[in-house]
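Engineer: predicted model, plus sequence, below.
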Amino acid sequence: MVLKRRTVRTRIAVTFGCAFLALGALLLTAVYLLTQHGTDALAVKIAQRARQPGSQEAQPSTGHTASPGVTLPGTDGTTITTVSRQVTDAAAQQQLLWSIVALAAAALLAALVGWWTAARLLRPVHEMTTTVRRISATNLHQRLAAGTPHDEITELADTFDDLLNRLESTFDAQKRFIANASHELRTPLAVQRSLIQVGLRDPDPAELEQVRNDLLDVNRRSEKLIDALILLAQGQHGLCGREGIDWTALVARETEAAADAARSAQVTLRLTQRPATTHGDPILLTHLVRNLIDNAVTHNHPGGTVDIHVDQSGLRICNTGPRLDDKTATELLEPFRRGPRPRLNTPTDGSGLGLSIVQAIATAHRAAFTAQANPDGGLTTCIRLPDLAGTGTVLA
């Protein structure tokens with residue numbers, strides 16, 4: 001019967017049996033050839049002694065024995081040699097026959113042992129397969145938990161558990177992102193609907209003018225949010241191409257562009273720079289620097305400062321502001337997470353995607369991005385693009 005689906009257990013059993021059969025056949029062949037060669041040489045010696053006068057092997061033709069239980073037909077040396085060789089051949093054939101039978105039985109036993117051994121060794125694999133089949137998007141918390149002994153199968157199970165941990169984190173982040181994005185997009189739509197209802201209920205020209213301006217502001221806010229979501233998606237998608245960029249000039253240009261907003265917020269921008277170049281997407285890197293500077297200015301206080309340092313080692317931005325702990329600083333990298341500063345639903349509010357966009361763009365450029373809370377308040381963000389520093393160190 002031909003197996004349509006040969007399992008690992010079957011292959012191990014067949015391998016055990018075939019390997020034992022091949023090695024046994026090799027051993028049997030060697031023993032048979034050596035035994036036959038040795039007995040042939042011994043038969044010749046016996047015949048030679050039988051032809052010698054007075055030897056016990058050769059007696060008169062009256063039928064004396066040359067060996068116990070064997071009667072020689074005569075004292076002719078050729079006859080003695082022939083009989084000896086016939087006896088040797090018969091013994092060799094019997095040895096070969098029973099050796100083959102024993103080898104076949106031992107090979108079958110080896111296959112059964114292999115079948116049983118494979119069942120015990122593959123039992124954890126079957127349990128892992130059953131568990132994995134039950135895991136879906138609704139129960140990603142379930143783990144294989146192979147336990148002991150610590151072998152290759154346990155290592156595979158632990159690796160798969162690590163993969164499930166990453167998938168669970170990704171799914172949770174995706175769910176939070178969808179929920180937050182839905183909320184953020186629903187809010188301006190509700191505001192627009194309310195403004196339109198007010199305008200329809202009170203068609204006073206002055207009131208309509210105010211409604212129109214409010215609608216434009218809400219529309220701009222919605223447009224910025226959608227642009228931020230698109231930019232986040234582009235950063236997460238990766239790069240389509242790279243080109244040489246004057247890194248220092250890019251940072252200086254974005255610092256100058258943020259000067260008016262900083263003056264309005266009574267925040268001082270201080271830039272220290274050294275010549276530096278890099279390779280990447282100029283549009284995405286521009287948004288990266290812009291979001292970092294805007295975040296440092298927005299989450300600040302009157303009379304605060306933003307220190308920007310750029311050189312061949314990377315980019316570091318340190319700003320004053322409200323006190324944060326390390327956990328909060330890490331959470332700010334997630335979408336729609338905002339700092340402790342209270343925010344009102346005004347057109348000047350941010351979308352909570354600034355640092356998430358920075359993180360996505362940095363990852364697309366294989367860059368290191370860190371955000372650390374300052375002891376006296378505020379945040380220090382660091383960017384290191386891989387081709388900026390030969391030493392691989394991040395600014396501290």
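Structural biologist: Okay, I see it. Numbers count the residues shown, from 1 in each chain.

Engineer: A296 contacts V306, doesn't it?
Structural biologist: Yes: counting by CB atoms under 8 Å, A296 does reach V306; the two are 4.4 Å apart. Placement of C-beta: from N, CA and C, glycine included.

Engineer: so between these two, which is more surrounded?
Structural biologist: Ranked by neighbour count (other CB atoms under 10 Å), A296 and V306 place A296 first, with 28 against 25.

Engineer: give me the common contacts of A296 and V306.
Structural biologist: 317, 319 (CB atoms under 8 Å, 6 or more residues apart in numbering).

Engineer: centroid-nearest residue for this structure?
Structural biologist: Central residue of the chain (CA atoms, centre = their mean): L163, 6.4 Å from the mean position.

Engineer: figure out how far the strand or helix carrying that one is from the centre of its chain.
Structural biologist: Assignment of secondary structure by DSSP states H and E places L163 within helix 152-201. Distance of helix 152-201 from its chain centroid, counting by CA atoms, centre = their mean, to the nearest Å, is 24 Å.

Engineer: follow-up on the earlier one: quick one: the residue nearest to the centre of the chain from Q359, how far?
Structural biologist: 22 Å (CB to CB, to the nearest Å).

Engineer: where does pLDDT dip in the stretch 51-200 of the chain?
Structural biologist: Along the stretch 51-200 of the chain, the parts satisfying pLDDT under 70 run over 51-81, 83-85, 87-88, 147-148, 173, 177, 180-181, 183-184, 187.

Engineer: where's I230 relative to L284, distance?
Structural biologist: Where L284 is concerned, I230 sits at a distance of 12 Å (CB to CB).

Engineer: actually A233, sorry about that
Structural biologist: 12 Å.

Engineer: which of those two has more neighbours?
Structural biologist: More neighbours surround L284 than the other of A233 and L284, with 18 against 11 (other CB under 10 Å).

Engineer: next SSE after whatever helix or strand L229 lives in?
Structural biologist: Element membership of L229 [criterion: DSSP H and E] is helix 205-237. Per DSSP H and E, helix 205-237 leads on to strand 243-246 as the next helix or strand towards the C-terminus.

Engineer: indicate each strand paired with that next one and its parallel or antiparallel sense.
Structural biologist: Here strand 243-246 is paired, per DSSP bridges, with strand 277-280 (antiparallel).

Engineer: how far out from the middle of the chain is the strand it pairs with?
Structural biologist: Centroid separation for strand 277-280 versus its chain: 29 Å, with CA atoms, centre = their mean.

Engineer: only the buried residues of that strand, if you could.
Structural biologist: 278-280 (16 or more other CB atoms under 10 Å).

Engineer: same question, stretch 101-117
Structural biologist: For stretch 101-117, the neighbour count (16+ other CB under 10 Å) marks 103, 107, 110-111, 114-115 as buried.

Engineer: stretch 151-168 now?
Structural biologist: Applying 16+ other CB under 10 Å to stretch 151-168 flags 153-154, 157, 160, 164, 168 as buried.

Engineer: can you map out the helices along the stretch 251-396 of the chain?
Structural biologist: 259-264, 282-298, 326-331, 354-364 (DSSP state H, counting those that start in this stretch).

Engineer: can I get these in CSV including mean pLDDT and distance to T15?
Structural biologist: Formatted as CSV, the helices of the stretch 251-396 of the chain follow (pLDDT from 0 to 100; distance: least, CB to CB, whole Å):
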stretch, mean pLDDT, distance to T15
helix 259-264, 92, 73
helix 282-298, 89, 54
helix 326-331, 76, 52
helix 354-364, 82, 46
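
Engineer: closest one to G244 among those?
Structural biologist: Closest to G244 of the helices of the stretch 251-396 of the chain is helix 282-298 (CB to CB; 9.3 Å).

Engineer: so how far is the closest one off the chain centroid?
Structural biologist: Using CA atoms, centre = their mean, the offset of helix 282-298 from its chain centre is 32 Å.

Engineer: just the C-alphas of that helix, formatted as CSV.
Structural biologist: The C-alpha trace of helix 282-298 is given here as CSV (Å, rounded to 0.1, in the frame of the first residue of the first chain):
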residue,chain,number,x,y,z
PRO,A,282,13.6,64.5,1.7
ILE,A,283,9.9,65.0,2.2
LEU,A,284,9.5,62.4,5.0
LEU,A,285,12.7,63.7,6.7
THR,A,286,11.3,67.3,6.5
HIS,A,287,8.2,66.2,8.2
LEU,A,288,10.2,64.3,10.8
VAL,A,289,12.2,67.4,11.8
ARG,A,290,9.1,69.7,11.5
ASN,A,291,7.0,67.5,13.9
LEU,A,292,9.8,67.3,16.4
ILE,A,293,10.3,71.1,16.5
ASP,A,294,6.5,71.8,16.5
ASN,A,295,6.1,69.3,19.3
ALA,A,296,8.8,71.0,21.4
VAL,A,297,7.3,74.4,20.8
THR,A,298,3.7,73.3,21.5
